[in-house]
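*Asks:* only geometry, no sequence info:
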C-alpha cells in the first residue's frame, strides 16, 4: 500500500511538474508578447516625444525670429520718432528766438 501511494504521489508530482512547466512556458510567451507590446509603445512614445521636441524647437526659432523682427522694427520707429522730436525741438527753438 505504501509503495502504491508512493508511486501515485510520484506520478501526480510528475503531472504537476509538467503542468507547471506548461503554465510557465505559456506565461513566458504571454509575458514576452506583453513585453514586446510595452517596448513598441515605449518606442512610439519616444518618437512622439522627439517629434514634439522638434516642433517646440521650430516654434522657438520662429518666435525668436519674430521677436528680432519686431525689435528691429520698434528700434527703427524709435529712431524716426527721436528724429522727429529733434526736428520739432529745433522749430520750437527758432520760434522762441524769432523777434516778436
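*Replies:* Thanks, I have it. Being a predicted model, the structure only gives us computed values, none of them experimental.

*Asks:* just give me the neighbour total for residue 33.
*Replies:* Other residues within reach of residue 33, judged by other Cβ atoms under 10 Å, total 10. Every residue, glycine included, has its C-beta placed from N, CA and C.

*Asks:* ok, it - contacts?
*Replies:* Contacts of residue 33 were listed using Cβ atoms under 8 Å, 6 or more residues apart in numbering, and none were found.

*Asks:* next one: it from residue 44, what distance?
*Replies:* Residue 33 sits 17 Å away from residue 44, going by Cβ to Cβ, to the nearest Å.

*Asks:* quick one: mean pLDDT for the helix or strand residue 12 falls within?
*Replies:* Assigned by DSSP states H and E, residue 12 belongs to helix 2-97. Average pLDDT, helix 2-97: 86.

*Asks:* give me the neighbour count for residue 17.
*Replies:* Other residues within reach of residue 17 by the criterion other Cβ under 10 Å amount to 10.

*Asks:* chain center to the helix holding residue 12: distance?
*Replies:* 2 Å (Cα atoms, centre = their mean, to the nearest Å).

*Asks:* same question for stretch 86-100.
*Replies:* With Cα atoms, centre = their mean, you get 62 Å for stretch 86-100.

*Asks:* for it, buried residues please.
*Replies:* By 16 or more other Cβ atoms under 10 Å, stretch 86-100 has no buried positions at all.

*Asks:* so what touches it?
*Replies:* Contacts to stretch 86-100, defined as Cβ under 8 Å, 6+ apart, come from no residue at all.
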